[in-house]
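# Quick one: sequence plus predicted model below, questions after.
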Amino acid sequence: MFNLLATIPRVLFSGFQSRRQLTLENLALRHQLVVLQRSVPRPKLTGADRFLWVLLLRCWSGWQRMLLIIEPRTVVAWHRAGFRCFWRWESRSSTGRPPLHRDLVCLIRRMWQANPTWGSRRIQAELAKLGIEVSDSTIRKYRPKSRRSPSPQTWKTFLQNHAQALIAVDFFAVPTATFRVLYVFLVLTHERRQVLHFNITEAPSALWTAQQMVEAFPYTIPPRYLLRDRDAISGADFTRRVQGLGLEQKLIAPRSPWQNPMVERVIGSIRRECLDHVIVLNARHLRHILSDYRAYYHEHRTHRSLDQDCPFSRPIEPPDKGNIIELPLLGGLHHRYTRQAA
């Protein structure tokens, strides 16, 4: 660049020289260029060199006659590249997605850190209950994407058509601190994902299981269909009691728990979001834990299958209701975000 600036005064000064001096100087320079071209296969040019030749292209009609070390089409290509760069800069867009407020970014990260089992959709639903509309892709910027198993497709139509008239039951085992095994019986309704009833025993039997079905519907008429697995514990006593309640049993295929997805999903949520993080001491302790989790599951936990709502519908709190506060639930394992007037 310095050599180019030093050349410009010499060019301006050459206008005061005689024609004979200009001819001799031109001859000397051309000879040196021929020698340079003969010794260097491809000279390296800087951006300033390219700019000079593009400038000569615009203001001098005889620029092609003076080219020795480069071809005219190269200069034309430089000019077109400069034109594209100019219009790229001229056409740059100043519009786009508005930046996310820093307080909202901090809130999303706080939700992510305080609730390690939540996914981006759970955070999106929680924010929607606070009157904050944020896209799922925006939330994924601040937490990793969680993988989830696809829903079974062969039973999808059946479950949708019979959600109001369908309940599901299942057992799951919980070890205690002294290595005893407790069995939890769960009754779930498909319509709003409500846990209608649960109970705990050390020795489940068909008679005990049948009694749990009666306790699940003490004052109401049960739905029409009961979805369950082929566990041997659901024997003759259980079948007679279920038929007496007016329930029609739908048995899943052997070794196919995916055909009873709703209750399996709830049991998985209970394990991942609660029991995997505590040590159960005894049946009384387990009953207390499950009672607290059922209250959280019904009143606070949002569900994608319920359009980001809770089994007991949770109202949306607009921004003008106050500042966002954080309420710990289940001993701080989960949190409820709500608005409170200042």
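Looks like it came in fine. Residues are numbered from 1 along each chain as shown.

# Would you mind pointing out the helix or strand the nearest residue in space to residue 308 that is not next to it in sequence falls in?
Of all residues not flanking residue 308 in the chain, residue 125 sits nearest, at 3.5 Å (C-beta to C-beta, 6 or more residues apart in numbering). C-beta here means a position set from N, CA and C on the backbone, and glycine is covered the same way. Assessed by DSSP states H and E, residue 125 sits inside helix 120-128.

# Contacts made by the very next helix or strand once past that helix with the rest, please.
Remark: after helix 120-128, the chain's next helix or strand is helix 136-140, criterion DSSP H and E. Helix 136-140 is contacted from outside by 100, 108, 120-121, 123-124, using C-beta atoms under 8 Å, 6 or more residues apart in numbering.

# coming back round to it: so which elements touch the helix holding residue 125?
The contact analysis (3 or more C-beta pairs under 8 Å, 6 or more residues apart in numbering; DSSP states H and E) places helix 120-128 against helix 102-114, helix 136-140.

# Based on its surroundings, how many neighbours for residue 304?
13 (other C-beta atoms under 10 Å).

# wait, isn't it in contact with residue 121?
Yes: if you go by C-beta atoms under 8 Å, residue 304 and residue 121 touch, sitting 5.5 Å apart.

# quick one, domains of the protein?
Using automatic domain parsing, the domain parsing of the chain gives 2-90, 102-146+316-340, 156-306.

# Check which element follows the helix or strand residue 265 falls within along the chain.
Using DSSP H and E, residue 265 sits within helix 261-273. Downstream of helix 261-273, the next assigned helix or strand under DSSP H and E is helix 283-299.

# So, low pLDDT: which residues of the stretch 101-250 of the chain?
Where the stretch 101-250 of the chain drops to pLDDT under 70, the residues are 143-162.

# can you pull out the strands in it?
For the stretch 101-250 of the chain, applying DSSP state E, counting those that start in this stretch gives strands covering 166-175, 181-189, 195-201, 225-228, 248-251.

# Tabulate those strands in a markdown table, adding columns for distance to residue 329.
Shown next, in a markdown table, are the strands of the stretch 101-250 of the chain (distance: least, C-beta to C-beta, whole Å):
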| stretch | distance to residue 329 |
| --- | --- |
| strand 166-175 | 20 |
| strand 181-189 | 20 |
| strand 195-201 | 16 |
| strand 225-228 | 30 |
| strand 248-251 | 35 |
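
# Between the ones you listed, which one is closest to residue 293.
Nearest to residue 293, of all these, is strand 195-201, at 9.0 Å by C-beta to C-beta.

# outside of that closest one, which residues touch it?
Applying C-beta under 8 Å, 6+ apart, the contact partners of strand 195-201 are 167, 182-189, 208, 212, 215-217, 266, 283, 286-287, 290, 294, 297-298.

# Widest-spaced pair of the contacts of helix 136-140?
Spatial extent of these (C-beta to C-beta) is set by the pair 100 and 121 at 17.7 Å.

# And these two? Which one has more around it.
Using other C-beta under 10 Å, the more surrounded residue of residue 100 and residue 121 is residue 121, with 17 against 14.

# Might you report the residue contacts of that one?
136, 304, 308.

# for those, which one is nearest residue 226?
With C-beta to C-beta as the yardstick, the closest approach to residue 226 among the contacts of residue 121 comes from residue 304, at 25.1 Å.

# so who does that closest one touch?
Applying C-beta under 8 Å, 6+ apart, the residues contacting residue 304 are 121, 125.

# Can you tell me how far it is from residue 239?
35 Å (C-beta to C-beta, to the nearest Å).
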